[in-house]
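S.K.: need a structure here:
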Amino acid sequence: MKYILLHGMGQNASSWDETVSYLSNTVETICPELSDFFTEENCYYTNMYSSFCEYCNNFSEPLNLCGLSLGAVLALNYAIDYPQKVKSLILIAPQYNMPKFLLKVQNMLFKFMPESQFKDIGLTKKDFITLTNSMANMNFASGLEKVACPVLVLCGEKDNVNKKAAVKIAEKLSRAKFSTIENSGHEVNIDNPKGLAKIIEKLNVV
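M.R.: Below is the predicted model:
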């Protein structure tokens, strides 16, 4: 089975390396760099999502998408707009109604971070803040009923900020299950890559 692994905000494609290292050869993975889906000075979610859709639509077979945080938002958005193209979803720490207050707090923190900390994720500080601001009013609640595929919603057991939204998404999607990953906060692919790999492997043989 092939999975497209979508990293979170503040991560890059290499954030999946350790998770992938624990997967068997029966699981094929593709880890795109999300910064490749927009250009500098044009870092709006709508632009990123449009490029992401073009990327996904180039695959002839139905897709298995696994996304963390921002990656989960992209995966869910795509499954709503192109339900016939998605075979399965793994949504890690997802949001369907963007938490405006949390985004504002994040942006305040970003403003005090040195520019060098943004280098590894392919964004400038300004672009990063532009991206988060462009997501503030997003709400997928009315589109969740369009998701037809099986969905596994995951959240790190210590990720109290996103757990409530993750549970609600699982309740609202018709074919979804919710589970937590132990010994993990928000960045499950960093905190417990082996545990995440075990879950992906289990789904692969079902």
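
S.K.: So residue 83 versus residue 10, what's the distance?
M.R.: Distance of residue 83 to residue 10, computed by C-beta to C-beta, to the nearest Å: 29 Å. Just so you know, the C-beta spots here come from the backbone N, C-alpha and C atoms, and that holds for glycine as well.

S.K.: My error: substitute residue 175 in the last question.
M.R.: On the measure of C-beta to C-beta, residue 175 and residue 10 end up 30 Å apart.

S.K.: quick one on the thing from earlier: if you count what's nearby, which of residue 83 and residue 10 comes out ahead?
M.R.: Using other C-beta atoms under 10 Å, the more surrounded residue of residue 83 and residue 10 is residue 10, with 18 against 13.

S.K.: Need the pLDDT of the more buried one.
M.R.: At residue 10, the pLDDT value in this model is 84.

S.K.: which SS class is it?
M.R.: Secondary structure, DSSP: H, G, I helix; E, B strand; the rest coil: residue 10 is coil.

S.K.: State the distance from it to residue 35.
M.R.: Per C-beta to C-beta, residue 10 is found 11 Å from residue 35.

S.K.: before we move on, what about residue 44?
M.R.: For residue 44, the distance to residue 35 - C-beta to C-beta - is 13 Å.

S.K.: which residues are common contacts for the two?
M.R.: With contacts taken as C-beta atoms under 8 Å, 6 or more residues apart in numbering, residue 44 and residue 35 have no neighbour in common.

S.K.: Look at these two and report which has more neighbours.
M.R.: Between residue 44 and residue 35, counted using other C-beta under 10 Å, residue 35 has the larger neighbour count: 18 against 15.

S.K.: Residue 123 is in contact with the more buried one, correct?
M.R.: Yes - contact criterion C-beta atoms under 8 Å: residue 35 and residue 123 qualify, at 5.9 Å.

S.K.: For residue 30, give me its contacts.
M.R.: By C-beta under 8 Å, 6+ apart, the contact list for residue 30 reads 2-5.

S.K.: Try it again at 7 Å.
M.R.: Residue 30 is in contact with 2, 4, counting by C-beta atoms under 7 Å, 6 or more residues apart in numbering.
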